[in-house]
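Visitor: quick check, what structure comes out for this input:
(chains A and B)
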Amino acid sequence: MNGSFVSLLSIALGAILVGNVVFTQLLGAGPFLGSSGSMGTAVRMGTVVTLVMGLTSAVCWPINEYVLGPNGLKYIESAVFFLTAVFLVQLLDVLVQKLLPGRKPLVGGRLPLAANCAVLGVVFQNVQNGSGFLQSLTYAVAGGLGFLMAVVLFAGVRERIEFAECPKSFEGAPIAFVAAGLLTLCFAGFSSLNVFG
Amino acid sequence: MNVGKQIEEGLLTKNPVAVQLLGLCTALAVTTSLLNGLGMGLCVLVVLTLSNGLLSALGPYLPERIHMVSAVVVTASLGGVADLIVQAFFPDLAGNLGLFLPLMAVTCVLLSGAGVYAYENGVASAVLEGLCRGLGYTLVLVLVGVIRELLGKGSFGEGLLNSGRGFQVFPAQFAAGGLVHPVGGFLVLACVIAAVQGFLARPKKAARRKETVRR
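Guide: Next up, the predicted model:
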């Protein structure tokens, strides 16, 4: 695969629409449901996840290519990537507190962000596919944007659900799951979309 | 140490998936059959139990501020070992789980809240807690997996029972194939969570009504 603009665009559109992180791959369903309660939280969480995803992929790619690969350390890659994500989220948190004093720390604590299946899943996919640096970065950022779009769309849906009558047992999480399932069904419509061949 | 209470909390009242809504991404994605749900559940069960025990034993020697990082190191290493063992001995299962096998460590860290319980309790209690929560997780995954496989493909235990062929309960052409796709995960898990919520709300109606009014 070459790094031309069209191929990168194809990767990006594929990651946002066809293989949406949340709806098609079911990665990051936890933070997806946890942060879609209100539109504000959704936008904030989506943005931070995009940032963390891009950053983690950008850092993990050279680690994998120049440190783990040549030294035959592939078997500890999952632990290394996980730690990298934790480290980056901590770093980001410190930076945010230093640069923007008075701001609340990152959304909902650091753990849900670092131990996020979406962030690490994208990193693993990049490694498994053997993507180059630019492709990895594009895929990660687009995956994050896909997450942002999904969570914002879903926050809109949930605002409506709040006022809907539903069976007692389904109140709260279950009805949100059903709605998410229907959104998933909508996104299944993109599965036959062939972006630029 | 109250064994009965811990078992009840892990399996039902504080079930990690159905009540606390943790580890959802694996619960949704890998539960396309009994084999996948059970395989993932057992992996998490073992890793969670071992990591809880280890962290509880290490706890007194670790300074407070590296608690989260050490929980990640221990759990991710154990998860990596489990990942390699599954790849070596159960290649079919590893193929089915795919991307979610290396993500098992993430699930375990989420389920144990980065070892919060383990650090504050004795080894035996922490091991029991990991075991109960792991069992609760496995239970939900198996339940969702069985429902999706049965209604989505009409079979039961494919790749696991009856020397790998499974039992065809009804012909596959009458099955709701959509249930093995992502949408099925959401719908079936929603029903399972609703069932648990309904069951838990049953004895204490008054408390639940108050909650509704507050909302």
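
Visitor: how far does the lengthiest helix in chain A sit from its chain's centre?
Guide: The residue-count maximum for a helix in chain A (DSSP state H) belongs to helix A:133-161. Its chain's C-alpha centre and that of helix A:133-161 lie 7 Å apart, by Cα atoms, centre = their mean, to the nearest Å.

Visitor: mind showing which ranges of chain A have poor pLDDT?
Guide: Residue ranges of chain A with pLDDT under 70: A:1-3, A:101-115, A:194-197.

Visitor: show me where it has helices.
Guide: Using DSSP H, the helices assigned to chain A run over residues A:5-13, A:29-34, A:39-62, A:77-99, A:111-114, A:117-129, A:133-161, A:173-188.

Visitor: and for chain B?
Guide: With DSSP H, the ranges of helices along chain B come out as B:3-8, B:24-29, B:34-58, B:67-89, B:91-97, B:104-111, B:116-120, B:123-153, B:182-201, B:205-214.

Visitor: for those helices, which has the smallest mean pLDDT value?
Guide: Lowest mean pLDDT within those: helix B:205-214, a mean of 58.

Visitor: related to what we said a few turns ago, how about CSV for the helices of chain B, with distance to B:Phe174 and mean neighbour count added?
Guide: All C-beta atoms are positioned from the backbone trio N, CA, C, and that covers glycine. Output for these, formatted as CSV (distance: least, Cβ to Cβ, whole Å; neighbours: other Cβ atoms under 10 Å in any protein chain shown):
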stretch, distance to B:Phe174, mean neighbour count
helix B:3-8, 39, 13
helix B:24-29, 25, 28
helix B:34-58, 19, 24
helix B:67-89, 33, 20
helix B:91-97, 24, 16
helix B:104-111, 34, 29
helix B:116-120, 46, 19
helix B:123-153, 10, 23
helix B:182-201, 16, 21
helix B:205-214, 38, 10
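
Visitor: in JSON lines: these, plus distance to chain A.
Guide: Output for the helices of chain B, formatted as JSON lines (distance: least, Cβ to the nearest Cβ, whole Å):
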{"stretch": "helix B:3-8", "distance to chain A": "20"}
{"stretch": "helix B:24-29", "distance to chain A": "4"}
{"stretch": "helix B:34-58", "distance to chain A": "12"}
{"stretch": "helix B:67-89", "distance to chain A": "4"}
{"stretch": "helix B:91-97", "distance to chain A": "12"}
{"stretch": "helix B:104-111", "distance to chain A": "5"}
{"stretch": "helix B:116-120", "distance to chain A": "10"}
{"stretch": "helix B:123-153", "distance to chain A": "11"}
{"stretch": "helix B:182-201", "distance to chain A": "3"}
{"stretch": "helix B:205-214", "distance to chain A": "8"}
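
Visitor: nearest to A:Asp93, of those helices?
Guide: helix B:67-89 (11.8 Å; Cβ to Cβ).

Visitor: before we move on, back to that, as TSV, the helices of chain B with distance to A:Ala155 would be great.
Guide: Formatted as TSV, the helices of chain B follow (distance: least, Cβ to Cβ, whole Å):
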stretch	distance to A:Ala155
helix B:3-8	35
helix B:24-29	17
helix B:34-58	29
helix B:67-89	28
helix B:91-97	30
helix B:104-111	22
helix B:116-120	29
helix B:123-153	25
helix B:182-201	16
helix B:205-214	22
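
Visitor: out of those, which gets nearest to A:Val151?
Guide: Taking these one by one with Cβ to Cβ, helix B:24-29 is closest: 13.7 Å.

Visitor: can you name the residues in contact with that closest one?
Guide: The contact list for helix B:24-29 (Cβ atoms under 8 Å, 6 or more residues apart in numbering or on different chains) reads A:25-30, A:33, A:117-118, A:121, B:17, B:40, B:44, B:100, B:103-104, B:107, B:137, B:140-141, B:144, B:182, B:185-186, B:189.
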